[in-house]
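1. Sequence and predicted structure are below.
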Amino acid sequence: MSTDAAHSAKSKPLSYMEKLSDEVFFYRPSNSDPATSASIPPKLIIVASWTNALDAHIAKYVDKHKQLYPAAHILLVKSTNKTFFDPKSLPRFVRPMVSVIRATIPEGAFSTPEPSVLIHIFSNGGSSSISALYDEYSISARGDEDPYLPPHVMVFDSAPGAQRASTTYAFFIIGFSKLRRFFLSPLIYIFALCWQLGRNLGNTKDWLVYWGKTHNEAEGKSERELRRSYIYSDTDDLVLHTDLETQASQAVEMGFNVRMERFDGSKHVAHARHDDERYWRTVQRTWDGF
């Protein structure tokens, strides 16, 4: 790699992806990319990032998917404060994904028992994006177009969660220095408590739980999702393992094929950093059928 190319890769780690909007990016593999697995690779991988994730951090996951499945197309949807805190605008932000999915996955693949899409969700931000995609994909169907996502498998990383005062507080202090946290923590926690009170009184909606429910209850989910894995830990301050396990238990009760991969001591969306080999083995096993 030349010096200029190396600098570009460092300054723009997702430069190999085509920008379809501020939130949606698409990677097309070259025709020369060989398959490296004995199993049939995903035709399309959808990566739904956590809120305000840096491109450099997202690229680590996209690059690994490229390494594992070099023939796969990769569709990235980012989550930002703009999308996360304005849930009603989410359909507009995920809309560019629909035409890409329909163009990449032929209708004939929908009738096969094998998956063609791997969906990799990170945190509640990623959960919100895919939740909106279910509806947007369905209402955009025209004529004989199928209203449901193609056969797929899912990997949930640190998701889904539920609104709690403690997790709301943890979200807003991300990136704070010790000094800033010392002075602002009381105000932020009071804000989190007030927000939680509003939710408990029914004045606000728990969107985190709502998005989590759609992964179990969206139309066509039980017919099109073949299996899913949850990667999580009991030391995650933003998504409590009890909330995640509750949603997963509901999925099991509804007949979904579920695998739980609980890490010890890892932080929010940092399980791959904690044990890279185990993390990506879980992703591969989810695709291959556990």
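-> That came through, no problem.
2. In this protein, mark out all the strands, start to finish.
-> Under the criterion DSSP state E, the chain contains strands at 18-19, 24-27, 44-51, 73-79, 117-122, 152-157, 225-233, 258-263.
3. Dump those to JSON lines, plus mean pLDDT.
-> Output for the strands of the chain, formatted as JSON lines (pLDDT from 0 to 100):
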{"stretch": "strand 18-19", "mean pLDDT": "98"}
{"stretch": "strand 24-27", "mean pLDDT": "99"}
{"stretch": "strand 44-51", "mean pLDDT": "98"}
{"stretch": "strand 73-79", "mean pLDDT": "99"}
{"stretch": "strand 117-122", "mean pLDDT": "99"}
{"stretch": "strand 152-157", "mean pLDDT": "98"}
{"stretch": "strand 225-233", "mean pLDDT": "98"}
{"stretch": "strand 258-263", "mean pLDDT": "98"}
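4. Throw the ones you listed into CSV and include distance to His215, thanks.
-> For glycine as for every other residue, the C-beta is placed from the backbone atoms N, C-alpha and C. Converted to CSV, these look like this (distance: least, Cβ to Cβ, whole Å):
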stretch, distance to His215
strand 18-19, 27
strand 24-27, 20
strand 44-51, 11
strand 73-79, 15
strand 117-122, 8
strand 152-157, 7
strand 225-233, 8
strand 258-263, 11
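5. Let me have those in JSON lines, extended by mean neighbour count.
-> Output for the strands of the chain, formatted as JSON lines (neighbours: other Cβ atoms under 10 Å):
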{"stretch": "strand 18-19", "mean neighbour count": "12"}
{"stretch": "strand 24-27", "mean neighbour count": "20"}
{"stretch": "strand 44-51", "mean neighbour count": "25"}
{"stretch": "strand 73-79", "mean neighbour count": "24"}
{"stretch": "strand 117-122", "mean neighbour count": "26"}
{"stretch": "strand 152-157", "mean neighbour count": "25"}
{"stretch": "strand 225-233", "mean neighbour count": "22"}
{"stretch": "strand 258-263", "mean neighbour count": "17"}
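6. Which one of those lies nearest to Cys194?
-> For Cys194, the closest of the strands of the chain is strand 44-51, at 20.8 Å, according to Cβ to Cβ.
7. Mind listing residues that contact the closest one?
-> 58, 61-62, 65, 69, 72-81, 84, 97, 101, 104-105, 116-127, 129-130, 150, 158, 269 (Cβ atoms under 8 Å, 6 or more residues apart in numbering).
8. thinking again about what came up before, compare the strands of the chain and give me the one nearest Gly202.
-> Closest among those, using Cβ to Cβ: strand 44-51, at 24.9 Å.
9. strand partners of the closest one, parallel vs antiparallel please.
-> Using DSSP bridges, strand 44-51 pairs in its sheet with strand 73-79 (parallel), strand 117-122 (parallel).
10. report the angle between the axes of that strand and strand 152-157?
-> 30 degrees (axes from the mean of the first three to the mean of the last three Cα atoms, to 10 degrees).
11. Thank you, goodbye.
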